[in-house]
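Engineer: using only what follows, build the 3D model:
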Amino acid sequence: MLRGFIFGMLAALTVSAAEQAGRKVLAGDYEKKRIAIVDESGKVEWEHPIRDIHDLHLLPNGNVLFQTNWTGLVEMTREKKIVWQYNAASANGNKGRAVEVHAFQRLANGDTMIAESGPARLIEVDAEGRIQRQIALKVNKPNAHRDTRLARKLANGNYLVAHEGDGAVREYDSKGKVVWEYEVGSAVYSAVRLPNGHTLIGTGGGHGVIEVSPEHKVVWSVKENELPGIRLAWVTTVESHPDGHVVIGNCHAGPENPQIVEVTREKKVVWTFKDFTRFGNAMPTSQILGVKGALR
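Structural biologist: Next up, the predicted model:
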């Protein structure tokens with residue numbers, strides 16, 4: 001009986017390692033309160049404690065841009081030296097206001113875009129934290145925790161914003177005008193603009209991924225129970241890879257499901273990540289590392 005138990009444990013470990021193999025990933029989890037870079041074999045290369053997290057980035061210089069809580073942002077070297085930081089709770093007129101940050105992005109000119117829920121605005125700040133640009137966001141159901149989730153500045157200078165509370169994805173021009181909008185119908189988490197002009201959306205509470213044309217037609221999707229043996233729960237980050245594969249963040253799905261899933265356009269699962277030892281059931285954000293070609 002003991003022998004069978006040991007074999008079972010070894011098999012479980014083997015499956016876990018196989019699920020991790022083949023991709024290096026940067027991921028953050030606010031249950032185990034950790035951000036880490038995990039290599040292709042499942043070994044942790046770098047890690048740091050956090051309290052809350054919804055966004056992160058490995059920068060071209062090798063530093064990690066992440067948040068330690070809902071208002072504190074840092075850029076940190078691999079040697080864990082902080083080279084930039086920003087506190088949205090007190091900066092740029094926010095002292096005494098309800099504010100949370102759920103998205104940020106280092107821009108090509110070195111400034112940092114920050115989406116502020118509560119103030120309902122996008123700001124771009126320089127290295128000293130001074131505002132260089134800001135636009136007001138359209139929010140129908142104001143809430144300092146739910147005004148926004150992920151937001152990204154696009155190559156054309158516009159901004160693509162997932163509004164969790166409103167259940168909508170909106171594209172704003174540089175003046176703050178809404179130039180495109182899609183009502184998702186669920187507490188949406190993320191949106192990515194594809195080279196063909198379509199928008200790939202992680203539907204959050206919609207338990208899936210949809211690709212929407214500029215004319216608001218759903219042209220591709222992955223639903224909650226469409227992948228064999230996998231249930232999609234709170235779908236968070238989505239990545240579109242140069243080979244056409246889509247990487248899906250699968251948060252709050254429980255230890256019987258992977259936290260990250262990579263699928264082909266034919267909806268074949270080609271890789272999963274499941275590590276409930278170092279990460280928990282609250283891994284909302286991740287980035288696949290070392291991909292050849294541009295990620296979307």
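Engineer: now the helices for this structure?
Structural biologist: 2-20 (DSSP state H).
Engineer: could you pull out the strands for the stretch 1-150 of the chain?
Structural biologist: 24-29, 34-38, 44-49, 56-58, 64-67, 72-76, 82-87, 100-106, 112-117, 121-125, 131-136 (DSSP state E, counting those that start in this stretch).
Engineer: now stretch 46-64: how far from the chain's centre is it?
Structural biologist: Centre-to-centre, stretch 46-64 and its host chain are 11 Å apart (Cα atoms, centre = their mean, to the nearest Å).
Engineer: could you give me the buried positions within that stretch?
Structural biologist: Trp46, His48, Ile50, Asp52, Ile53, His54, Asp55, Leu56, His57, Leu58, Asn63, Val64 (16 or more other Cβ atoms under 10 Å). Quick note: C-beta positions are derived from backbone N, CA and C, even for glycine.
Engineer: export these to TSV and append columns for pLDDT.
Structural biologist: Below are the buried residues of stretch 46-64 laid out as TSV (pLDDT from 0 to 100):
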residue	pLDDT
Trp46	98
His48	98
Ile50	98
Asp52	98
Ile53	98
His54	98
Asp55	98
Leu56	98
His57	98
Leu58	98
Asn63	98
Val64	98
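Engineer: mind putting the strands of the stretch 1-150 of the chain in a markdown table, distance to Lys274 included?
Structural biologist: Putting the strands of the stretch 1-150 of the chain into a markdown table (distance: least, Cβ to Cβ, whole Å) gives the following:
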| stretch | distance to Lys274 |
| --- | --- |
| strand 24-29 | 11 |
| strand 34-38 | 11 |
| strand 44-49 | 15 |
| strand 56-58 | 19 |
| strand 64-67 | 22 |
| strand 72-76 | 26 |
| strand 82-87 | 31 |
| strand 100-106 | 25 |
| strand 112-117 | 29 |
| strand 121-125 | 34 |
| strand 131-136 | 39 |
